[in-house]
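Novice: mind folding the following:
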Amino acid sequence: MTDKEAVSKAEDVQKRSFTKWVNVQLKKGDHDEEVTDLAEDLKTGIVLLKVLASTTGQNLPPYNKVCKSEIQRVSNQSIVIDFFQSAKIKLIGIGPQDLADGNMRAMLAAMWAIIYAQQIGAIKGEASGKAGLLLWVKRAVGSYDLQVTDFKKSWSSGLVLTALIHKYKPNALSFTEAADLSPGERVQKCIDVAQKDLGIEPLIDASDMEHAIDEKAIMTYISEFFALFSKVQDKEVAQRRVVKFFETQRTIENFQVDYETKTSDVLEFILEAKSQMEGEPEGLVESRKFLDKVNEFRSGPLAEKRVVKESLEGILSNLQTTLSCHQRASYTPSDDQTLDNVETQWSALEEAANKHLSKTRDAYVKAKQDVTAKYLEVTQEGNTQIGELASSLRSLTGDDPAKLLKKAKEFKKTAEPLLEIVEKAAKLGEELQQANVNVDDIAGLEVRADDLERAFADLTKNINKKCTFLENQVESKKGSTVSADKLAEIKETFDHFDSNNSGTLTGEDFDNALKGLGRNLSDIETTKLFKSSISGSSMTFDEFVAVMTKMEADADTPEEILSSIASLQGEGEGGLTKEALVASLGEETAAYFINKLPEKDGKYDFASYLQKVYKK
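Specialist: The predicted structure is shown next:
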């Protein structure tokens with residue numbers, strides 16, 4: 001086949017495909033015309049104007065409704081050319097006279113300009129236009145192990161079209177059954193199913209696709225699938241956002257319940273333990289038994305409950321961090337359940353337990369040697385210094401994390417010499433044990449060497465935790481902390497959209513980057529965000545990281561959640577139904593939250609519930 005013959009065949013395919021496409025647009029615009037011959041029926045410019053109005057959403061301009069003379073045709077076609085310009089549709093090398101004369105190539109070029117601008121060129125993302133449409137198809141059929149490289153031969157077997165339909169409408173078409181058909185039969189089957197089950201008009205003949213004669217005709221047809229299925233994808237995104245919201249809310253409530261339950265448990269334990277620290281043993285045997293019982297309490301229930309008490313800070317921190325990251329109102333415990341109150345009550349319990357133990361020991365201890373006195377001196381010295389340092393650490397508060405971090409590190413240095421005291425106490429304890437002297441017999445002893453080791457270990461752990469916490473706060477003030485993987489992903493996006501390889505993004509680069517990441521902001525919103533995030537005339541990588549991190553944190557703002565809920569419940573339904581909740585969230589998640597939403601006449605008021613969980 002010569003090049004001329006190939007061009008002629010391609011034009012014939014375009015005539016058939018574009019004619020069908022024009023009639024679909026006229027029908028959508030409620031126009032009565034039906035085109036059978038592009039060159040002849042479009043000469044007056046009337047159909048062209050109506051197609052432009054239907055596809056762009058603009059109003060029809062004034063034109064000659066009765067068009068019998070060439071002058072009237074040229075006049076209307078001049079209005080057509082102006083319409084192309086106002087709609088920002090590029091039409092190169094074609095004038096009013098070409099269209100008025102019914103030049104077929106001019107007509108085909110005009111039709112393709114409209115189709116590409118309104119259906120294909122409008123595709124945005126990591127790639128746009130033709131490349132964007134091809135990328136969408138590749139991702140849609142990626143799990144079918146098919147090669148999609150163009151809009152010609154890749155479609156001739158019909159397998160790609162079969163996979164595309166099966167991906168989004170699996171009940172409408174069996175991929176296995178379609179695979180057993182011949183290419184022509186398979187293509188025809190897909191076109192029939194698309195018309196019947198998807199409402200997509202057959203804009204191309206099966207034989208034209210099978211023989212891959214013209215890519216423009218194939219692109220025109222496939223763009224109809226993109227327009228339909230991209231809406232399905234938008235709804236899936238909305239569903240995922242709402243599910244994420246409810247999952248986050250469940251996590252928050254689990255943290256809160258866990259904190260309140262364990263706090264109540266610790267406070268009840270403190271009251272019960274204090275009530276049992278009464279009475280004095282009589283006689284050596286009873287004192288020994290009493291002392292054993294006290295020691296069992298300290299190493300058993302007291303130690304176990306200490307672990308629970310120490311976990312409260314982590315639980316509350318996780319709760320507050322989750323609330324902050326998801327823009328929820330911060331949690332304020334009741335006065336009796338604050339960490340300060342629990343710590344005060346626990347310190348009083350520890351003090352009472354130490355005094356109780358000391359009193360019990362006093363009844364048992366008979367005599368001590370010089371080592372006993374030294375043991376008592378060292379343990380008391382260590383207990384005092386550790387206690388004072390622990391008290392200072394608990395009192396370390398303020399609004400400047402950097403200053404607090406400096407002070408905490410000073411505490412860390414101050415604590416280092418205490419290890420020598422702890423080790424000295426342990427060595428003296430071992431000496432007493434070798435001399436068959438029970439350290440529990442020491443009168444006035446408030447803490448043993450192992451108590452001191454535990455207190456020192458707790459102090460060291462708490463200082464390290466405080467330093468880590470303050471270091472995170474300092475880093476948070478510098479900027480958002482981003483994982484290495486996330487930073488690499490952001491860097492890849494930044495470099496991809498850095499159009500002039502300058503290491504910065506222009507306003508247009510930034511707009512393309514947001515669209516490539518699926519952030520569909522308006523032009524005004526994008527411009528405002530860009531200007532408010534830069535310190536110069538363009539955006540640096542650090543500024544881009546800050547914007548991306550902030551947008552991640554804002555992913556479930558009240559507005560986003562309400563928008564997503566609206567897309568799930570539909571317009572004009574007056575609220576969220578139980579069926580919509582179950583369909584979107586699944587039965588388990590829906591059942592968990594069904595009683596939390598205000599209900600009236602079978603409709604659930606999601607907006608009112610949202611106000612309660614977000615910051616005022």
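Novice: output the lowest mean pLDDT helix or strand found in this structure.
Specialist: Every helix and strand of the chain was ranked by mean pLDDT, DSSP states H and E. The lowest is helix 558-569, at a mean of 66.
Novice: buried residues in the helix or strand just after it, which are they?
Specialist: Following helix 558-569 in sequence order, the next helix or strand is helix 578-585 (DSSP states H and E). Using 16 or more other CB atoms under 10 Å as the test for burial, helix 578-585 gives Ala580, Leu581, Ser584, Leu585. In short, each C-beta sits where N, CA and C put it, glycine included.
Novice: what's the mean pLDDT across the helix or strand that Val307 is a member of?
Specialist: Element membership of Val307, judged by DSSP H and E, is helix 303-325. Across helix 303-325, pLDDT averages out at 90.
Novice: buried set for stretch 502-521?
Specialist: Buried residues in stretch 502-521, counting neighbours by 16+ other CB under 10 Å, are found at 504-507, 509-517.
Novice: now intersect the residues you listed with the strands, please.
Specialist: Taking DSSP state E, every one of the buried residues of stretch 502-521 sits outside strands.
Novice: between those residues, which sits nearest Arg298?
Specialist: Distance to Arg298, by CB to CB, is smallest for Leu517 among the buried residues of stretch 502-521, at 56.8 Å.
Novice: which non-adjacent residue is nearest the closest one?
Specialist: Counting by CB to CB, 6 or more residues apart in numbering, Leu517 lies nearest to Thr493, which is 6.5 Å off, once chain neighbours are set aside.
Novice: can you tell me how far the one you found is from Arg519?
Specialist: 11 Å (CB to CB, to the nearest Å).
Novice: who touches Arg250 in this structure?
Specialist: By CB atoms under 8 Å, 6 or more residues apart in numbering, Arg250 lies in contact with Thr589, Tyr592, Phe593.
Novice: let's go with 7 Å and repeat that
Specialist: When contacts are counted by CB atoms under 7 Å, 6 or more residues apart in numbering, Arg250 touches Tyr592.
Novice: where's it relative to Met551, distance?
Specialist: Distance from Arg250 to Met551, by CB to CB: 24 Å.
Novice: show me where the stretch 401-550 of the chain has its helices.
Specialist: Using DSSP state H, counting those that start in this stretch, the helices of the stretch 401-550 of the chain run over 401-415, 418-434, 449-478, 484-497, 507-516, 523-533, 541-553.
Novice: got it, and the stretch 51-200 of the chain?
Specialist: Under DSSP H, counting those that start in this stretch, the stretch 51-200 of the chain gives helices at 70-86, 96-100, 104-115, 129-140, 159-168, 175-179, 183-193.
Novice: nearest to Ser533, of these?
Specialist: helix 129-140 (26.2 Å).
Novice: look at Asp399 and say how many residues are nearby.
Specialist: 6 (other CB atoms under 10 Å).
Novice: just the element for it, please.
Specialist: Counting by DSSP H and E, Asp399 is part of no helix or strand.
Novice: now it: how far from Lys20?
Specialist: Separation of Asp399 from Lys20 (CB to CB): 69 Å.
Novice: also Arg454?
Specialist: Arg454 sits 83 Å away from Lys20, going by CB to CB.
Novice: try Arg250
Specialist: Remark: distance between Arg250 and Lys20 (CB to CB) = 51 Å.
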